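Participant: take this sequence and fold it.
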Amino acid sequence: MLQKLKVRTGMMLVLACFVITLALACGLSWMNAESSVREIEDLNNVAVHQVDPLYEANAALLRARLALGAGLADLQAGAGGRTTEAAAGQLQLARERFTRYMAVPKSERGQELAQILQGRFNAYAAALDELDAALKQGALARYQQAAPRVPQADAAFASDMQAFLARVQERSDGVLARSQHTYATARLSAVVLLSAALLLALLCWAFVRRAVLLPLQDAGRHFDRIAAGDLTQRVEARSNNEIGMLFSALRRMQDGLNRTVTTVRQGVEEINVGAAEIAAGNANLSTRTEEQAAALEETASTMEELAATVKQNAENAAQANQLAGVSMEVAQRGGHTVSQVVATMQGISDSSRRIAEIVSVIDGIAFQTNILALNAAVEAARAGEQGKGFAVVAGEVRSLAQRAAQAAKEIKTLIESSVETVAAGSSQVAAAGQTMDEIVTSVQRVADIMGEISAASSQQAGGIDQVSLAVSQMDEVTQQNAALVEQASAAASAMEEQARRLAEATSVFKTQSGQVIEATPLPVDGRAPASRLSRS
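Facilitator: Numbering: from 1, shown residues only. You can find the predicted model right below:
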């Protein structure tokens, strides 16, 4: 019953009971006070408004009787007048007081007694009036004849007045008895109401203790356990009132905390796993970055060597071009004089051997250029997206190297043919004039080929400069990657530290699954973080 009773309803019932008890007490007090007031007013009406005027009227009659007795003595002594006036005044006063007495409202029994007493009073006053009239007339015999009726009237009036006073006393005793009964009733009512109030207070205390205090203490213990991190205690709502609503809210709060802590713990585990993976990835990325930097350094060194080779190739091509021009001039001069053909052919033979050597050098340079271009293409493939431009340049360099090798082969073939021709020309001086045109034509072709070789060497130099620029840019990107690796390593360390602190913060909670998360440090490989690389 109490479990279904709401606290507000219970408090309203308690207040209603106290109000009803207070209203009963006030009502009984008011009824007792009203009864007492009526009894006091009745007693006051009898004692003050009836008894006092009656006593005063009786006293005035007695004083009038005494005055008349004194008037009799004065009459017998031969002096009179003043006493009769005093007696008349007292009689007048007695009538006024008795008239006041009769004017007071009375009960039916009191009215009957008052009528009887009025007759006695009138007879008593009439007897005294007759004595007063006899004294005023100086009729002593008349006075003495009327005097015996005065004691009789006095005795009758006194007897009836005593009966009235007895009635008054009886009423006073009744008022007193009713007052005592009222007092006893009020005292009993006070005791009953006090007992009822104490019982009601005990019931209220039992209700408040069972419905409010004990559940609040239980809720306080639940809050203490939750504050200590214990989320395993079961919270039950045993009632449907406000306390039950409080326990329902407490249960929802505990369930929410349980879900939150469980989610946070799972998040901590995932963060730890992610931090470990990030650390491993950073280590792998750092290693690859170092390897890429080393490869770029080797590529840069190779490109410097290739640039020097291409420059030397360009210089040799220029020299070969000059020699081709000289050969052409010699061939032209050979047409003017045959006599100088032998000497000229000897010079041509020497020049051809030199050209053959130069062509061999050019062929070697083209071969080395082809190999370097192939290595650059391989390194560009290893560089991935960042090496696409470098791969294109390396392909162009390789194409130019192949063309240079082809040209060198052709020059070598021509030189060999020229050497054979010169060897044969020594024995065929007569036919020198006929072959001079062929020699001029061949030398002109050699000059063109050497021009092509010189242009290809210039293009190779430009391509190598572009490759060097691309390598420099790749080196800068590699340095930036190294810096990013350092930042990623620092971020992974910070994330691992935050995960460890979060695990420490949530480790104080004990959920229903009993899981306790502890921060696990990331694996340490003993390797220093990647530092910024510089080209050597």
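
Participant: any idea how far Ala503 is from Glu496?
Facilitator: From Glu496 across to Ala503, the span is 10 Å (Cβ to Cβ, to the nearest Å). Any C-beta I mention is one placed from the backbone N, CA and C, and that applies to glycine too.

Participant: overlap in contacts, the two.
Facilitator: Both Glu496 and Ala503 are in contact with Asn272, where contact means Cβ atoms under 8 Å, 6 or more residues apart in numbering.

Participant: just give me how far the helix or strand hosting Thr185 sits from the chain centre.
Facilitator: Per DSSP states H and E: Thr185 is located in helix 149-208. With Cα atoms, centre = their mean, to the nearest Å as the basis, helix 149-208 stands 71 Å off its chain's centre.

Participant: ok, then the element right after it?
Facilitator: Downstream of helix 149-208, the next assigned helix or strand under DSSP H and E is helix 214-227.

Participant: show me what counts as buried in that following helix.
Facilitator: Neighbour counts over helix 214-227 (16 or more other Cβ atoms under 10 Å) mark 215, 218-219, 222, 225-226 as buried.

Participant: name the helices or strands packed onto it?
Facilitator: Helices and strands touching helix 214-227, by 3 or more Cβ pairs under 8 Å, 6 or more residues apart in numbering; DSSP states H and E, are helix 242-336.

Participant: now do the helix it packs on, average pLDDT.
Facilitator: What helix 242-336 shows for mean pLDDT is 78.

Participant: and if you look at stretch 84-99?
Facilitator: pLDDT averaged over stretch 84-99 gives 89.

Participant: buried residues in it?
Facilitator: Neighbour counts over stretch 84-99 (16+ other Cβ under 10 Å) mark 84, 86-88, 90-91, 93-95, 97-98 as buried.

Participant: picking that back up, would you mind getting the angle between the helix holding Thr185 and helix 214-227?
Facilitator: Interaxial angle of helix 149-208 relative to helix 214-227 (axes from the mean of the first three to the mean of the last three Cα atoms, to 10 degrees): 30 degrees.

Participant: Gln162: neighbouring residues, count only.
Facilitator: Residues lying near Gln162 (other Cβ atoms under 10 Å) number 11.

Participant: do the same with Tyr143
Facilitator: 21.

Participant: give the contact list for the nearest residue to it once chain neighbours are set aside.
Facilitator: Once flanking residues are discounted, Tyr143 sits nearest to Ala134: 3.8 Å by Cβ to Cβ, 6 or more residues apart in numbering. Contact analysis of Ala134 by Cβ under 8 Å, 6+ apart lists 140, 142-143, 146.

Participant: Serialize the residues you listed to CSV and add fields for secondary structure, pLDDT and distance to Gln169.
Facilitator: Shown next, in CSV, are the contacts of Ala134 (DSSP: H, G, I helix; E, B strand; the rest coil; pLDDT from 0 to 100; distance: Cβ to Cβ, whole Å):
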residue, secondary structure, pLDDT, distance to Gln169
Leu140, helix, 81, 42
Arg142, helix, 86, 40
Tyr143, helix, 85, 37
Ala146, helix, 82, 34
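
Participant: ok, and the most crowded of those?
Facilitator: Tyr143 (21 neighbours).

Participant: ok, Ala318 to Gln312 distance?
Facilitator: 11 Å.

Participant: same question but for Ala490, I mixed them up
Facilitator: Ala490 is 48 Å from Gln312, by Cβ to Cβ.

Participant: now swap in Thr435 and tell me
Facilitator: The value you get for Thr435 to Gln312, if Cβ to Cβ is used, is 34 Å.
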